[in-house]
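Undergrad: Please find the sequence and the predicted model below.
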Amino acid sequence: MLHFLMRRVLIALPTIILISIFVFALQKLLPGDPLLVLAGEERDPEVLEFLREKYRLNDPIPVQYLAWIGNALQGDLGTSLRSNQPVTELMAEKLPVTIQLAVMSMIFALVIGIPAGILSAVKKGTVTDYVANVVALSGLSIPNFWLGIMLILLVSVKWQLLPASGYVPLSEDFWQSLRTMVMPAFVLGTALAATLMRHTRSAMLGVLSADYVRTARAKGLSERVVILKHSFRNALTPIVTLTALLFGELIAGAVLTEQIFTIPGFGKLVVDAVFNRDYAVVQGIVLVTAVGFIFMNLLADMMYFVLNPRLRGQ
Amino acid sequence: MPVSGTAKSQDLASADALLTLKDLTLRFKGQTNDVVHSVSLRVRQGEVLCVVGESGCGKSVTSMAIMGLLPGKATQISSGKLSFLAQDWDLATDCLPTEVRGREIAMIFQEPMTSLNPSFRIGDQIAEAVQRRRGNSRTEALERAEVMLQRVGIANPKQRLRAYPHQLSGGMRQRVMIAMALANDPQILIADEPTTALDVTIQAQILDLIRDLRDETGMGTLMITHDLGVVAEVADTVAVMYGGQVVEQGPVAEIFNNPQHPYTIGLMSAMPRLDRPGERLAIVPGTVPTISNMPEGCRFRTRCAFATAACAQRPKLRDVASEHEVACHFAPLETHVKVSA
């Protein structure tokens, strides 16, 4: 197992390096000059030159990259050109928001997607199966922004049940925090639930016809045990992988949903940074989310060992 | 052909029937012909009944129908009465309740490699069956599992309890399956080709094991097989199936020494024999018609050398000797035997 993990980490390293080069290079290729934003209306050539020196923009690009990645390794992602705050500080502010949203969305996705997938596999070819599939397909096809706006319109404006937007930290007011987050989490979660449901269904279908499921029935076990224990346990591998990857995506931020519900998460931070040509922030966020995504992948790999005794022995 | 079980047939005749299946008829949904047609079987205490036939003759489906393991979505049972434990079940409307299945009647399968759940330790898989039945604690159930592993001849049973299926060989896995099936002391064991996937020496060991356990517990065994060697080894009684019907049944010695149905005769002469080396094996000409192409009347008549117009009438199973039944208009017909022997 250790050997396997080491190999995975070794594969992950070049991926991270490549991503960092990409992120850095893309920024340099983009048209527009962040200093024009920074220098304001005056655009005094001397001021510009001073700023160029200060942010080392006159160095060759590889040197700039090395300086940036060197600092990044030491936990310094630079400072925002706009707010002059350290990038790490900016992200540390947004991270709890994004994680709370991601966790709540994932809970929605799991609670809806997995039971629906199991049900439609067990009831394959029946009305239940068709209904579940139609609902899942709708979940996949309805754009998040539309669902979000509709929910705001109905739940917040018309029925006045939940706040339409904003964010309250968990530590400040637990219930209010959940109340503000539940709609965006639902919007994100339902879309993921549809994906999860489809994968759960196909994994379960593969397992339900297995010989050991027949053995479980022959033992006289109840249908509940046969399905939830003997079948589902063996269908878990693809579901766990998918969950880890989806969670990685959620961490990267949900730009549209965050915009609609004005949640100050990663998605909003990165969009604002792109519009402001705030290089350091964009680079920092993309790097951190990429590493996060790779970490989730690694976590999925580790789960294989927990789930599959055949791998554990080796 | 040396045949065991002859000595026992006297005792068996007086033994009580443990399980009786009457008139089982079923079809797969969407098809117009029955895959199993009016099959009746009886297993007595301590008896090994072998159901033999080619692939697709309905022997496995019959055993699954008894266990209630056929998917209700895909199969339709139109008749069938199961008598077991002094109770009757109409298989057309219901199946064995889960309290009976796995407790009084247990089953082992053809594929030991895939019949155990790869995600759970074998000790837990055996214990699970026990625990649910007897309301034992997990520890007690695991102790029972250990005893069972010992009984089916697995060395170091205590350590093996913690093994996962992938750590065991095919023969070991089939032993585990048997341990699991017999953990609740069932009265009937259904074994669906339990040795087909195993190599020959392991085959013999598993058959010996089943026979020993039968002698120990007095359970009745319904064994499905296409291997006449296995039949000669373990059977007391034989039922020959063709095209979803029982065409001949009787004591094993009768079937081997005095086969009456042309299909049985064909099967017997298709068996390789050590006492006649180098001889070309006889074959039953043609192939089994698909279910939708089954002929009216006697289902074997398209392949039968003796078929006449009379065979368009479906022959009924009738006695030709004590306990020996044949479904052929011409039985008992000495000429059949003479022609092929």
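TA: Here it is on my side, so go on. All values derive from a computational prediction rather than experimental measurement.

Undergrad: all contacts plus neighbour counts: C-alpha atoms, from now on.
TA: Will do.

Undergrad: Would you mind confirming that residue B:243 is in contact with residue B:58?
TA: Yes. Judged on CA atoms under 8 Å, residue B:243 makes contact with residue B:58 at a distance of 6.9 Å.

Undergrad: Could you name every residue contacting both of these two?
TA: B:35, B:36 (CA atoms under 8 Å, 6 or more residues apart in numbering or on different chains).

Undergrad: Please name the nearest non-neighbouring residue to the residue nearest the centre of chain A.
TA: Centroid-nearest residue in chain A, with CA atoms, centre = their mean: residue A:250, separated by 1.8 Å. Closest residue in space to residue A:250, ignoring its immediate chain neighbours: residue A:102 at 5.3 Å, by CA to CA, 6 or more residues apart in numbering or on different chains.

Undergrad: Quick check: the one you found touching residue A:185?
TA: Yes. Assessed by CA under 8 Å, residue A:102 is found in contact with residue A:185 at 7.3 Å.

Undergrad: Find the residues that touch each one of those two.
TA: Joint contacts of residue A:102 and residue A:185 (CA under 8 Å, 6+ apart) do not exist.

Undergrad: Now the helix or strand hosting the residue nearest to residue A:250: average pLDDT?
TA: In this assignment (DSSP states H and E), residue A:102 forms part of helix A:87-122. Averaged across helix A:87-122, the pLDDT comes to 93.

Undergrad: List the buried residues for that helix?
TA: A:87-88, A:90-91, A:94-95, A:97-110, A:112-122 (16 or more other CA atoms under 10 Å in any protein chain shown).

Undergrad: cool, stretch B:282-300 as well?
TA: Quick answer for stretch B:282-300 (16+ other CA under 10 Å): B:284, B:288, B:291, B:294, B:295, B:298, B:299, B:300.

Undergrad: Can you give me the distance of the second one to residue B:244?
TA: Put plainly, it is residue B:288. Between residue B:288 and residue B:244 the computed distance is 11 Å (CA to CA, to the nearest Å).

Undergrad: do the fourth one as well
TA: For residue B:294, the distance to residue B:244 under the criterion CA to CA works out to 10 Å.

Undergrad: if you go through the stretch 101-250 of chain B in chain order, where are the helices?
TA: Assigned by DSSP state H, counting those that start in this stretch, the helices in the stretch 101-250 of chain B fall at B:122-134, B:138-151, B:157-160, B:170-182, B:200-217, B:228-234.

Undergrad: Report the separation between the residue nearest to residue B:64 when sequence neighbours are not counted and residue B:62.
TA: Spatial nearest neighbour of residue B:64, chain neighbours left out: residue B:70 (5.8 Å); criterion: CA to CA, 6+ apart. Residue B:70 sits at a distance of 9 Å from residue B:62 (criterion: CA to CA).

Undergrad: Counting neighbours, go ahead and name the busier of these two.
TA: More crowded of residue B:70 and residue B:62, by other CA atoms under 10 Å in any protein chain shown: residue B:62, with 25 against 18.

Undergrad: what sits against the more buried one?
TA: B:24, B:36.

Undergrad: can you pull the buried residues of the helix or strand that the helix holding residue A:102 is followed by?
TA: Using DSSP H and E, the helix or strand that follows helix A:87-122 in sequence is helix A:127-141. For helix A:127-141, a neighbour-count test (16+ other CA under 10 Å) marks A:128, A:129, A:132, A:133, A:136, A:137, A:139, A:140 as buried.
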